[in-house]
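>>> 3D model of this:
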Amino acid sequence: MTTTSDSAPDFAAILAEYDLHADETADMTDGLFEYARSKCPVPHSSAHGGFYLVTRYDDVRAVLTNDAVFSSASGKMVPPIQPVMMPPIDFDPPLQSEYRRLLNKYFSKAGLAKTEGAIRAIARQLVDGFIESGRIDVLEDYATPLTSATLTRVILNIDDEKLTRTAVHRVEAIGAHNEPDAWRDLTGFLLGLLAAHQPGPDDNVFQAIVSGRVEGRPLTEDEKLGMLLNLFLGGLDTTRAAITSIVGDLVQNPGLEQRLRDSDWVAHDLDEFLRFDSVVTALARRVTRDTELGGTQLHAGDWVLAHYYSANHDSARFDGPDQLDFTRDSNPHVAFGVGVHRCLGSNLARLQIRVAFDELLSRVENLRADDPDFEVRHLPGASRMPVFSTRVRFDKC
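Got it, this is the predicted structure:
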């Protein structure tokens, strides 16, 4: 890690080589990006062939809402090593809208309403499994199995626990390292799912992908694979990170638990948790023509990495951004993105988070650290995955 003579991090030097997947930068995010927003809001990193890092709220919104200048059609990661494009997120309008149309009804509030009972049943079964122990590894015992079972069993109608565990491991490898082997493992796994799929009368997401059509033609095999990749990467990573992050907030701020016992907490407080924790760290876009952003000249072909977490902690947009503040008059965070590429699964994420805490807090109370040295650290990568230093204790209600 680069430091100055008094051992403080040399933020300018770190930004010049910034890598989203580097272990050494994961736990200096707040200081690093506060420096960037105030000193060099669109710094250039030489990592992975070079890209510009977009750190201020207004600039991130400009990138996310202007597809004509900042294209999604080259992929969402730096380096861009994914084997296929992932509809709809990796396409620009109007084709992006065609892909999204295939899935919209399944991820609308109305479309998801009928899944709530099944998601609650999964959550209750998981709580049954740890309720007598008095302690829990939130990520491993609750958040991960809840969100993975929701995606595979409820959304995709695949009831295979071993398969679900395999999918989680494949997605974790990509989130942590973004390396070719990890992508190869996940795509091979999903190709096997597609090959084994037997068409049936059920109207579900998997069936919609297999039989889907865009622009009057059937989806290609790469398009089907890409859509499944998109669902697995989003559905198996971000929501479990959000659930775990909120538990970490409760443990470190004991008074917050009572707020989540208010039946309206999702409407009043969830957006502040999403802003504060911002579990989608950053996604990339490709510049299509010469333009200026945040005082920096960009050229056609340049990569930019829009940093969602940094945008959501920009003091120019949010007062006291590094504090949870449930009294904000408005909360236009970009945790789910913004514009036509706003997260397709945002309604499902909100539903799972609500159900997770409904079921957990109906049976446990006094969530607290198992050790006085309790600490929350975050793994590097596109998802800001929290990891607790010790398990969380609780009392039965």
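
>>> Ser72 and Leu95 touch, don't they?
No: using C-beta atoms under 8 Å as the test, Ser72 is too far from Leu95 to be in contact (10.5 Å). (Each C-beta comes from the backbone N, C-alpha and C, glycine too.)

>>> more crowded one of the two?
More neighbours surround Ser72 than the other of Ser72 and Leu95, with 23 against 14 (other C-beta atoms under 10 Å).

>>> what pLDDT does the model give that one?
The predicted local distance difference test score for Ser72 is 95.

>>> mind listing what it touches?
Counting by C-beta atoms under 8 Å, 6 or more residues apart in numbering, Ser72 touches Ile89, Asp90, Phe91, Asp92, Gln96, Arg285, Arg286, His341.

>>> what's the burial count for the fifth one?
This means Gln96. Other residues within reach of Gln96 by the criterion other C-beta under 10 Å amount to 19.

>>> and the pLDDT for it?
In this prediction, Gln96 has a pLDDT value of 95.

>>> rewinding a little: among the contacts of Ser72, name the ones in strands.
Among these, the ones falling in strands (DSSP state E) are Arg285, Arg286.

>>> most neighbours of all the contacts of Ser72, which one?
Sorting the contacts of Ser72 by how many neighbours each has (other C-beta under 10 Å) puts Arg285 first, at 27 neighbours.

>>> from what I can see that residue touches Asp302, true?
No: the pair Arg285 / Asp302 is not scored as a contact, 9.6 Å apart, by C-beta under 8 Å.

>>> assign Leu367 to helix, strand or coil.
In three-state terms, and counting by DSSP: H, G, I helix; E, B strand; the rest coil, Leu367 is strand.

>>> test my guess that it contacts Phe388.
No: Leu367 is not in contact with Phe388 according to C-beta under 8 Å; the separation is 11.4 Å.

>>> show me the contacts for Tyr142.
With contacts taken as C-beta under 8 Å, 6+ apart, Tyr142 has the following neighbours: Ala123, Leu126, Val127, Phe130, Ile136, Ile243, Ala356, Leu360.

>>> the strand or helix carrying the last one packs against which elements?
The one in question is Leu360. Element membership of Leu360, judged by DSSP states H and E, is helix 346-361. Other elements packing on helix 346-361 under the criterion 3 or more C-beta pairs under 8 Å, 6 or more residues apart in numbering; DSSP states H and E are helix 109-113, helix 116-130, helix 144-149, helix 238-252, helix 265-268, helix 270-277.

>>> how far away is the closest residue to Asp185 other than its chain neighbours from Thr164?
Taking C-beta to C-beta, 6 or more residues apart in numbering, and ignoring the residues beside it in sequence, Asp185 has Arg170 as its nearest neighbour in space, at 5.2 Å. Going from Arg170 to Thr164 by C-beta to C-beta, to the nearest Å gives 11 Å.

>>> just to revisit the earlier point, hmm, who's touching the helix holding Leu360?
By C-beta under 8 Å, 6+ apart, the list of residues contacting helix 346-361 from outside reads 107-109, 112, 115-116, 119-120, 123-124, 127, 142-143, 146-147, 150, 155, 235, 238-239, 242-243, 246, 257, 260-261, 265-266, 270, 336, 343.

>>> flag the shaky bits of the stretch 101-250 of the chain, pLDDT-wise.
Scanning the stretch 101-250 of the chain for pLDDT under 70 picks out the ranges 175-177, 199-201.

>>> what about the helices in the stretch 151-300 of the chain?
Secondary structure of the stretch 151-300 of the chain (DSSP state H, counting those that start in this stretch): helices at 161-177, 180-196, 205-210, 221-235, 238-252, 256-259, 265-268, 270-277.

>>> contacts for the third one next, please.
By C-beta under 8 Å, 6+ apart, the surrounding residues in contact with helix 205-210 are 102-103, 106, 155-158, 194, 197, 199-200, 219, 224, 227-228, 231.

>>> Glu215: how many residues sit nearby?
Other residues within reach of Glu215, judged by other C-beta under 10 Å, total 7.

>>> and it, its phi and psi?
Here the main-chain torsion angles of Glu215 (degrees, to the nearest 10) amount to phi 50, psi 30.

>>> now do the SS call for Tyr309.
Under three-state DSSP, Tyr309 comes out as helix.

>>> for the stretch 1-150 of the chain, just list every one of the helices.
With DSSP H, counting those that start in this stretch as the criterion, the stretch 1-150 of the chain has helices spanning 11-16, 29-39, 57-65, 95-107, 109-113, 116-130, 144-149.

>>> quick check: which of these is buried the most?
Ranked by average neighbour count under the criterion mean count of other C-beta atoms under 10 Å, the helices of the stretch 1-150 of the chain are headed by helix 144-149 at a mean of 24.

>>> give me the contact list for that helix.
Outside of helix 144-149, the residues that reach it under the criterion C-beta under 8 Å, 6+ apart are 119, 122-123, 126, 164-165, 167-168, 235-236, 239-240, 243, 352, 356.

>>> convert the C-alpha atoms of that helix to PDB, please.
Backbone C-alpha positions of helix 144-149 (Å, rounded to 0.1, in the frame of the first residue of the first chain) are rendered in PDB as follows:
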ATOM      1  CA  THR A 144     -27.100 -16.300   1.600                       C
ATOM      2  CA  PRO A 145     -29.500 -19.300   1.900                       C
ATOM      3  CA  LEU A 146     -32.500 -17.000   1.900                       C
ATOM      4  CA  THR A 147     -31.600 -15.100  -1.300                       C
ATOM      5  CA  SER A 148     -30.200 -18.100  -3.100                       C
ATOM      6  CA  ALA A 149     -33.300 -20.200  -2.500                       C
END
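
>>> any idea how far that helix is from the chain center?
Average the C-alpha atoms of helix 144-149, do the same for its chain, and the two points are 14 Å apart (C-alpha atoms, centre = their mean, to the nearest Å).

>>> just stretch 94-109 next, same as before
Remark: stretch 94-109 is offset 19 Å from the chain centroid, using C-alpha atoms, centre = their mean.

>>> over to stretch 96-112?
Taking C-alpha atoms, centre = their mean, one finds stretch 96-112 lying 19 Å from the centre of the chain it belongs to.

>>> alright, calling it a day.
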